[in-house]
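>>> Just the structure for this:
(2 chains)
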Amino acid sequence: MSRAKKIKSSLLLLLLAVFIVMPFLGISEYVLRVLILCFLYSILAGSLNLISGITGQVSMGHAAFYAIGAYTSALLSMRAGLPVWLGLPCAALVAGVFALLIGHPSLKLTGGYLAVVTLGFSEVVRLLLINMIDLTNGNIGLSGIPMPEFFGVTLNTNSRYYPYALIITVLALVLLSNIEHSKFGLKLRAIKNDEIAAEVAGINVHRSKLIAFTIAGMFAGVAGALYAHLIMYIDPNVFNTDVSTTILAMVVLGGMGNLYGTVIVAFILTILPEALRGFNTYRLLVYGIILVLAMLSKAIDFTQFPLFVRLSGYRKKLRKKLGLAGPAGRG
Amino acid sequence: MDDILTVNGLCKSFGGIAAVQDISMRIPRGKIVSLIGPNGAGKTSVFNLLTGFYEKDAGTIGFEGAPLEGLKAYDYVKRGIVRTFQNVRLYSAMSVLDNVMVGNQYRIRYSPLDIVFNTRRKRRVEEESRTAALALLEELGLSHLAYERCDALSYGQQKKLEIVRAMASAPKLLLLDEPAAGLNPLESEELSVFVAHLIDRGFTILLIEHDISLVMSISDYVYVMDHGRMLSEGMPEQVQRDPAVIEAYIGKRGMQDVIAGKSP
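Prediction:
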């Protein structure tokens, strides 16, 4: 392992340790709830990153799979009495099937056309959820969604739900990272850069896109299941296009194809609206300004994680420029 | 003789325009065969037909004795045919090394479960692929650029890299579409040495090229196309003297001038 890799992995472990001890530090239930939401959005943005960031196929309808996952898991636990944790794989499966069905025709489109079709799909899903009243209770939504239970312990507080969400999130992100750093990830990046050259290299472009889209949909489904049993109430309007655009914004600001950056931005964009509550009516305005500033500030490449490894790289370059090259010391 | 590729009566039209008419050619294994002709002669169309980008209207294409039928563009590399493009098509935002590894990827095998669990097997296979790609770059004098982004390379280097990426797929037949286009004379000279060297590595090459001196110096056999038809074929020196070829390139007036000893 190279030095940079070692630093990276030890930093990640440190970060993980911090998140593990978080609930024992006497942090308020409210802050833990916000952190759990950060986890959810990390999964959502991390999964969209696979298809939109790495493969370059912009989807504006990721909330649809989030909704499908949430409703699948909620309904299975409410109507069929399935254990809540079993709802996770089921949500992934159902969301994945929908992603496969919608992805197969629509991934033949590219760019803005694909964005419009996926946007339309998410609206269709929302309207179906509103109108299939027998199944979904329509606009009234589903309430009283059961909480997960493990060994007789019900995860009925944020501090109890937190480890559950953390474990699922870490697993999801590790999986997404493994996919990104495999030959499949390499194929996806090739497709983003040049589809025709990718075909010549023996890549079945449409199939690869479809697999990536399906995997992304499955993870969004998992996030939906986590959400439903956390909030215990869902209605179709929770999963509107605002959610899709927010997730897409996380991927774009995260650097289009950078999982670390995407997760960091997912945290920032989830915490920010909470932190801005003090601004009251101007909240959305300030939020918008911050988004625009973030887009403009390419100079601060905060998507590069870990920051100081990056900085030491800059220092090396600077030294070279100044003629101070030589064995780079301790930086 | 052992022909790796045989083409018989290949036709393709777009609407009323016959881009390729009754083209037949043979490519012997281990040779460099060139396809030349004025702009718009249909050379690249032939390439597109040979690599599955166009559907042929008529004719047969045989590769290693078996017909190339009903294949998708991504299947050709598995049969051993890889092409490059007239205007470079690299994965420009990726590193040089990654580009070569994409060329190599269809040959490396591990299961989806290996990806999920990031198994030792997967890491070993990836490492081998990386080492092989680096070795190839080292051998062809591009290893100092391995971690550069492709769009940081000079045009000549990009052209060369595209060929290296194609080589990484270990094809039996390499189709090069104007590799020397846009290169300066020095780079073009370098390229001809490079291409000639590819034969020693067991590749067979079909070359489209405008740079006549390059074609004449390295080709074993030359086909000449004009207006979608095969105009002439033969050894380089035969083709060079063929009046029909000269006419196609510089016109009747020009040819009379040449015969009369004036410069065209």
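>>> Quick check on the nearest residue to B:Glu128 once chain neighbours are set aside: phi, psi?
Nearest residue to B:Glu128, sequence neighbours excluded (CB to CB, 6 or more residues apart in numbering or on different chains): B:Ile108, at 7.6 Å. (Glycine included, C-beta is placed from N, CA and C.) Per-residue torsions, B:Ile108: phi -90, psi 140 (degrees, to the nearest 10).
>>> so what's B:Ile108 up against?
A:183, B:125-126, B:128-129 (CB atoms under 8 Å, 6 or more residues apart in numbering or on different chains).
>>> B:Lys43 now?
By CB under 8 Å, 6+ apart, B:Lys43 lies in contact with B:35-37, B:177, B:208, B:225.
>>> pLDDT score for it?
For B:Lys43, the pLDDT comes out at 92.
>>> Tell me how far it lies from B:Asp57.
17 Å (CB to CB, to the nearest Å).
>>> show me where the stretch 101-250 of chain A has helices.
A:111-131, A:133-136, A:158-180, A:183-193, A:195-200, A:205-231, A:241-253 (DSSP state H, counting those that start in this stretch).
>>> Name the SS class of the closest residue to B:Gln158 other than its chain neighbours, please.
Leaving aside its sequence neighbours, B:Gln158 sits nearest to B:Val88 (CB to CB, 6+ apart; 4.8 Å). At B:Val88 the chain is in coil, as set by DSSP: H, G, I helix; E, B strand; the rest coil.
>>> thought B:Val88 was touching B:Gln157?
No - with contacts counted by CB atoms under 8 Å, B:Val88 stays clear of B:Gln157, the gap being 10.0 Å.
>>> Quickly list what's touching both of these two.
Residues touching both B:Val88 and B:Gln157 by CB under 8 Å, 6+ apart: none at all.
>>> what does the stretch 1-150 of chain B have sitting close to chain A?
Proximity of the stretch 1-150 of chain B to chain A, by CB under 8 Å from any CB of the partner chain, involves residues B:51, B:53, B:72-78, B:82-83, B:85, B:89-94, B:98, B:101-103, B:105-106, B:108, B:110, B:114-118, B:122, B:126, B:129.
>>> and the stretch 51-200 of chain A, which of its residues are near chain B?
So far as CB under 8 Å from any CB goes, the stretch 51-200 of chain A lies against chain B at A:175, A:178-179, A:181-184, A:186-187, A:189-190, A:192-194, A:196-200.
>>> redo that, cut-off 6 Å
Residues of the stretch 51-200 of chain A found near chain B (CB under 6 Å from any CB of the partner chain) are A:178-179, A:182-183, A:186, A:189-190, A:193-194, A:197, A:199-200.
>>> Then the stretch 201-331 of chain A?
For the stretch 201-331 of chain A, the contact set with chain B under CB under 6 Å from any CB comprises A:201-204.
>>> Dump those into a markdown table; add pLDDT and neighbour count as well.
Formatted as a markdown table, these follow (pLDDT from 0 to 100; neighbours: other CB atoms under 10 Å in any protein chain shown):
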| residue | pLDDT | neighbour count |
| --- | --- | --- |
| A:Ala201 | 94 | 24 |
| A:Gly202 | 94 | 23 |
| A:Ile203 | 95 | 24 |
| A:Asn204 | 96 | 18 |
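>>> Throw the residues you listed into TSV and include distance to B:Ile212, thanks.
Listed next are these as TSV, based on distance: CB to CB, whole Å:
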residue	distance to B:Ile212
A:Ala201	31
A:Gly202	33
A:Ile203	35
A:Asn204	39
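>>> which of those lies closest to chain B?
Using CB to the nearest CB, A:Gly202 is the member of these that lies nearest chain B, at 3.6 Å.
>>> Now that closest one, what are its backbone angles?
Per-residue torsions, A:Gly202: phi 90, psi 20 (degrees, to the nearest 10).
>>> I'd assumed B:Cys11 was in contact with B:Ala19.
No - counting by CB atoms under 6 Å, B:Ala19 stays clear of B:Cys11, with 9.0 Å between them.
>>> When these two are compared, which one has more neighbours?
B:Ala19 (21 against 16; other CB atoms under 10 Å in any protein chain shown).
>>> Now do the contacts for the more buried one.
Contact analysis of B:Ala19 by CB atoms under 6 Å, 6 or more residues apart in numbering or on different chains lists B:12, B:42, B:45, B:228.
>>> In three-state terms, label it for me.
Under three-state DSSP, B:Ala19 falls in the strand class.
>>> Excluding residues flanking it in the chain, which one is nearest it?
B:Ser45 (4.5 Å).
>>> For B:Met230, see how far away the one you found is.
13 Å.
>>> do A:Asn49 as well
When distance is defined by CB to CB, A:Asn49 is 51 Å away from B:Met230.
>>> So which of these two has more stuff around it?
A:Asn49 (30 against 21).
>>> Is the more buried one in contact with A:Ala249, as I believe?
No - with contact defined as CB under 6 Å, A:Asn49 does not reach A:Ala249; the gap is 12.0 Å.
>>> Could you list the buried residues of the helix with the most length in chain B?
Longest helix in chain B, counting residues (DSSP state H): helix B:120-139. Neighbour counts using 16 or more other CB atoms under 10 Å in any protein chain shown place B:122, B:125-126, B:129-130, B:132-134, B:136-137 of helix B:120-139 among the buried residues.
>>> same thing with stretch B:240-254?
For stretch B:240-254, burial by neighbour count (16+ other CB under 10 Å) applies to B:242, B:245-249.
>>> which of the residues in the host helix or strand of A:Leu76 are buried?
Here A:Leu76, judged by DSSP states H and E, is contained in helix A:62-79. Neighbour-count burial for helix A:62-79 flags A:62-78 (criterion: 16+ other CB under 10 Å).
>>> Report how many residues lie close to residue 148.
You didn't say which chain, so I picked chain A. Using other CB under 10 Å, A:Pro148 has 22 neighbouring residues.
>>> nope, chain B please
Residues near B:Glu148, counting by other CB under 10 Å, number 14.
>>> List the residues that contact the residue nearest to it when sequence neighbours are not counted.
Excluding its sequence neighbours, the residue lying closest to B:Glu148 (CB to CB, 6+ apart) is B:Val96, at 5.6 Å. Residues near B:Val96 by CB under 6 Å, 6+ apart: B:145-146, B:148.
>>> Tell me where the model's unsure across the chain.
Defaulting to chain A. For chain A, the stretches with pLDDT under 70 are A:1, A:295, A:297-331.
>>> Can you look at chain B instead?
In chain B (pLDDT under 70), the answer is B:1, B:253-264.
>>> how about the helices in chain B?
Using DSSP H, helices in chain B cover B:43-50, B:76-79, B:96-104, B:112-116, B:120-139, B:155-168, B:185-200, B:212-218, B:236-241, B:243-259.
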